[in-house]
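Asker: Okay, predicted coordinates and the sequence, questions at the end:
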Amino acid sequence: MSKLNQIEGIKIGTSSSHQKYGNRLDTVLVEIKEESKLSGLFTTNNLKAAPVQICSKNILSSNKNKKYLVINAGNANAATGLKGLKDCEQINSFLSKEFNSKKNNFLPFSTGVIGKRLNIPKYKKALIRAKNNLGKSSWKSFAESIMTTDSKIKLIKKTIKVKNKRINIFAIAKGSAMIHPNMATLLSFVFTDLKISSKDLNKLHKLACNQSLNAISVDGDQSTNDSSLIVATGNSDLNFIEAKEIIEKEIINTFKELSKKLMLDAEGSSKLITIKIKGLRSQKLCKKMARHIANSLLLKTAFNGSDPNWGRIIMATCNLEDLPINPNNITLKIGPHKVFSQGELSKNYSESKGLKEFKKKTIVIDLVLGKSDHSFEILTCDISPEYVRMNADYRS
């Protein structure tokens, strides 16, 4: 087994198109062995990028041939209309001839600037170079190639042993802004050699996303290109049904680890914030409240400035129009400290205790808003002047 590719049947090829990022890697081809199972989840934004539209159809193809991931960074190929779709199809036609394979075996993914068409000649040349590098490029170069404003790669490698058998998991993601998904995140790829049916893989994928990539928010804006993919080659001796609970836990934890990496590298962020909501009539309502509070700019700036302005948490909790909350029903904790309960400041709370918590790199906010057992937990981050600077000149 290759040191570069520890999942048999997966070959990676990377290259540079020499465009937005100069000579930096920005193009990836991934060859996936025959009979592999694939599960994809995609953005629910009504403006779906051309690659999302094509990939979401091609992934449903029932043929058992080799599949190819075709990924570029720097250009999202979104809001490009029919021309963008034709560009994407042109690339797939080009690759189908290069690999002597059907067009629907190619799954495109793009990330970068919205509203610009692909430079087809340069992209084709980059893909030829990536093809020549298949099996030679590393997981690290894969992770580097899909970065845009990311400051570091998001890569997880793990081996799990169950009943004297083992499975390998490799996970890669990118994203540092425009993250408020209703599905997954910007780009996320998880590979394993697990034996699993397509039906079980789809269920597992949704379960993992709902507890991880569906529970993060940087800035409240959902991308046009959000895509999450799981690939299971089936090369391991371990079958999903042999150790369902153990494998579910490991896959979910992998997705959660990716989510934390995304939040810790959010543009200009310095803090990882967990917001826990409990007590509303359903998990759906708890989730809605958690996302609402996570996207309060006033609260995010308070986190950035280490200002224990807990009043902003109560304010955000009570200003969701279609979910009225009685302040007398709120119990708020910051870290281990009870701050607010039954409409009043806790007698044991002090500003110094709050300041100590808000100065931490990891902050936990607990809100109990009723008597039910329903709950939801979301990861978010602070907003800094650096976030504004990076996004003010993103296209320049």
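Answerer: Received the coordinates, thanks.
Asker: Now do the SS call for Glu357.
Answerer: Assigned by DSSP: H, G, I helix; E, B strand; the rest coil, the conformation of Glu357 is helix.
Asker: For it, give its distance to Ile12.
Answerer: Spatial separation of Glu357 from Ile12 under the definition CB to CB, to the nearest Å is 43 Å. Glycine gets a C-beta too; all of them are placed from N, C-alpha and C.
Asker: Comparing the two, which residue is more hemmed in?
Answerer: Ile12 (26 against 20; other CB atoms under 10 Å).
Asker: What separation do you get for the more buried one and Ile247?
Answerer: With distances defined as CB to CB, the gap from Ile12 to Ile247 amounts to 24 Å.
Asker: just Leu127 next, same as before
Answerer: The separation that Leu127 has from Ile247, given CB to CB, amounts to 34 Å.
Asker: Over to Ile383?
Answerer: When distance is defined by CB to CB, Ile383 is 37 Å away from Ile247.
Asker: Next up, the contacts around Asn133.
Answerer: If you count contacts by CB atoms under 8 Å, 6 or more residues apart in numbering, Asn133 has them with Ile12, Gly13, Thr14, Ser15.
Asker: Tell me what the last one is bridged to.
Answerer: Listed by DSSP bridges, the beta-bridge partners for Ser15 are Thr27.
Asker: Tell me how far it lies from Phe106.
Answerer: 16 Å.
Asker: and the nearest residue to Lys361 once chain neighbours are set aside, what does it touch?
Answerer: Of all residues beyond its chain neighbours, the one nearest Lys361 is Lys271 (5.6 Å), with distances taken as CB to CB, 6 or more residues apart in numbering. Listed by CB under 8 Å, 6+ apart, the contact set of Lys271 reads Phe303, Asn304, Lys360, Lys361, Thr362, Ile363, Cys381, Asp382.
Asker: pLDDT at Lys271, what is it?
Answerer: Confidence per residue is given as pLDDT, and for Lys271 that number is 90.
Asker: One more: the one 10 residues further on?
Answerer: Predicted confidence (pLDDT) at Arg281: the value is 96.
Asker: Could I get the contacting residues of it?
Answerer: Counting by CB under 8 Å, 6+ apart, Arg281 touches Gly370, Ser372, His374.
Asker: cool, and Lys360?
Answerer: Counting by CB under 8 Å, 6+ apart, Lys360 makes contact with Lys271, Gly335.
Asker: I'd guess it is in a strand, am I close?
Answerer: No. The assignment for Lys360, made by three-state DSSP, is coil rather than a strand.
Asker: if I look at it, how far off is Leu272?
Answerer: Taken as CB to CB, the spacing of Lys360 relative to Leu272 amounts to 9 Å.
Asker: Over to Lys57?
Answerer: When distances are taken as CB to CB, Lys57 and Leu272 turn out to be 36 Å apart.
Asker: quick one: which of those two has more around it?
Answerer: Neighbours were counted for Lys57 and for Leu272 using other CB under 10 Å; Leu272 has more, 19 against 11.
Asker: Tell me who's in contact with that one.
Answerer: Contacts here follow CB under 8 Å, 6+ apart; on that basis Leu272 touches Lys260, Met263, Leu264, Lys361, Thr362, Ile363, Leu379, Cys381.
Asker: Could you rerun that using 6 Å?
Answerer: With CB atoms under 6 Å, 6 or more residues apart in numbering as the criterion, the residues that contact Leu272 are Met263, Leu264, Thr362.
Asker: Bridged to it, which residues?
Answerer: When assigned by DSSP bridges, Leu272 has beta-bridge partners Thr362, Cys381.
Asker: Now do Asn304: how many residues are near it, please.
Answerer: Taking other CB under 10 Å as the criterion, the count of residues near Asn304 is 20.
Asker: hang on, it packs against Glu386?
Answerer: No. Here Asn304 does not reach Glu386: they are 9.5 Å apart, not a contact under CB atoms under 6 Å.
Asker: one step back: which of the contacts of Asn133 sits closest to Asn210?
Answerer: Using CB to CB, the shortest approach to Asn210 within the contacts of Asn133 belongs to Ile12, at 28.5 Å.
Asker: what pLDDT does Arg312 get?
Answerer: Value listed for Arg312 in the pLDDT field: 94.
Asker: The one 5 residues further on now?
Answerer: In the predicted model, Thr317 carries a pLDDT score of 95.
Asker: just Ser101 next, same as before
Answerer: With respect to pLDDT, Ser101 scores 96.
Asker: Could you tell me how far it is located from Lys256?
Answerer: Distance, Ser101 to Lys256, using CB to CB: 35 Å.
Asker: and the residue of the chain positioned farthest from its centre, what are its phi and psi?
Answerer: Relative to the centre of the chain, the most outlying C-alpha is that of Lys347, 40.8 Å out, by CA atoms, centre = their mean. When read as degrees, to the nearest 10, the backbone of Lys347 gives phi -70, psi -30.
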